[in-house]
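J.: structure, please.
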Amino acid sequence: MPNILGVIPARYASTRFPGKPLIDLAGKSMIQRVYEQACKAKLLSRVVVATDDERILLHLQNLGLEVVMTSTNHTNGTERCLEALQLTEGDFEYVINIQGDEPFINPQQIDTLAGILNGKVQLGTLIKRITDPAVLDSPNIVKVVFNRKMEALLFSRSCIPHLRGVSNQDRLSQFTFYKHIGIYAYRVDALAAITHLQPSPLEKAESLEQLRWLENGYKIKVVETELETLGIDAPEDVEKALKHYNV
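T.: As a prediction, this is how the structure comes out:
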């Protein structure tokens, strides 16, 4: 297996939920819980948090967890992952970008993604079969279609593909749809290259960074997981999260 660095980007500033990484979830900060879950993954060589805020830096340092301070000028987590790689000692072949707002990330999901990283894969991500018809038309849930080689063809906030002549209520019985799980793997050379790409038309239209990579000819390998995720995007999601800790 290649040496894989797990990076958890963690920004303090957030339009919808400022200070989100430091919120308390049953006695531990959210970022601590994400870090602890990531460390349970068997195929990661190392895990580091990449932050741009001294409050998060000091919090994690006080806990004895590995963290690096990155620039405040990054426009996305991919750029932050590259700087974290550059700041972390070690000879890594891949980086896995783990969302900092998913305290319930299952280590098996990380290992499922890591398991396809054979040196030939440039970029990788997770997908999950859609079973809830409401998800198909939710712009907050990204859908994905892929080819027979398990390479992504397109990501969209719309329902893809459109089933001609099929009513909305019958879609799931006529076709297998997949949603995107937002955890990414980058081969280090691909990571360095994609951070220099300019925003693309499809990316701007959908507000999905991975479309920039596809438009520039990069291959994104997808692998299916049967495990669900629960992210914390807004303050109202905290109550849902606490229920999982029986609080």
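J.: SS state for I56?
T.: helix (DSSP: H, G, I helix; E, B strand; the rest coil).
J.: just the helices in this protein please.
T.: Counting by DSSP state H, the chain has helices at residues 30-39, 54-62, 77-87, 107-114, 171-174, 188-194, 201-206, 210-215, 236-244.
J.: and the longest one, what does it pack against?
T.: With contacts defined as 3 or more C-beta pairs under 8 Å, 6 or more residues apart in numbering; DSSP states H and E, the secondary structure elements packing on helix 77-87 are strand 4-10, strand 46-51, strand 67-69, strand 94-97, strand 178-187, helix 188-194. Heads up, the C-betas are built off the backbone N, CA and C, glycines and all.
J.: follow-up on the earlier one: for the helices of the chain, give me TSV that also has mean pLDDT, distance to A134 and mean neighbour count.
T.: Below are those laid out as TSV (pLDDT from 0 to 100; distance: least, C-beta to C-beta, whole Å; neighbours: other C-beta atoms under 10 Å):
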stretch	mean pLDDT	distance to A134	mean neighbour count
helix 30-39	96	26	21
helix 54-62	97	34	16
helix 77-87	97	27	21
helix 107-114	98	23	21
helix 171-174	97	11	14
helix 188-194	98	33	17
helix 201-206	98	20	14
helix 210-215	98	23	21
helix 236-244	66	16	13
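J.: re earlier: format the helices and strands packed on helix 77-87 as TSV; extra columns: distance to E209.
T.: Converted to TSV, the helices and strands packed on helix 77-87 look like this (distance: least, C-beta to C-beta, whole Å):
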stretch	distance to E209
strand 4-10	12
strand 46-51	16
strand 67-69	21
strand 94-97	11
strand 178-187	9
helix 188-194	9
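J.: could you find the closest non-adjacent residue to the residue nearest the centre of the chain?
T.: Nearest to the mean C-alpha position of the chain, by C-alpha atoms, centre = their mean, lies I183 at 2.6 Å. Closest residue to I183 apart from its sequence neighbours, by C-beta to C-beta, 6 or more residues apart in numbering: L126 at 5.5 Å.
J.: does the one you found touch K221 like I think?
T.: No. Using C-beta atoms under 8 Å, L126 makes no contact with K221, being 10.3 Å away.
J.: with E89 as the reference, measure out to the residue nearest to the centre of the chain.
T.: 24 Å (C-beta to C-beta, to the nearest Å).
J.: related to what we said a few turns ago, can I get the helices of the chain in TSV including distance to L5?
T.: As requested, these are exported to TSV (distance: least, C-beta to C-beta, whole Å):
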stretch	distance to L5
helix 30-39	11
helix 54-62	16
helix 77-87	6
helix 107-114	11
helix 171-174	38
helix 188-194	9
helix 201-206	25
helix 210-215	19
helix 236-244	27
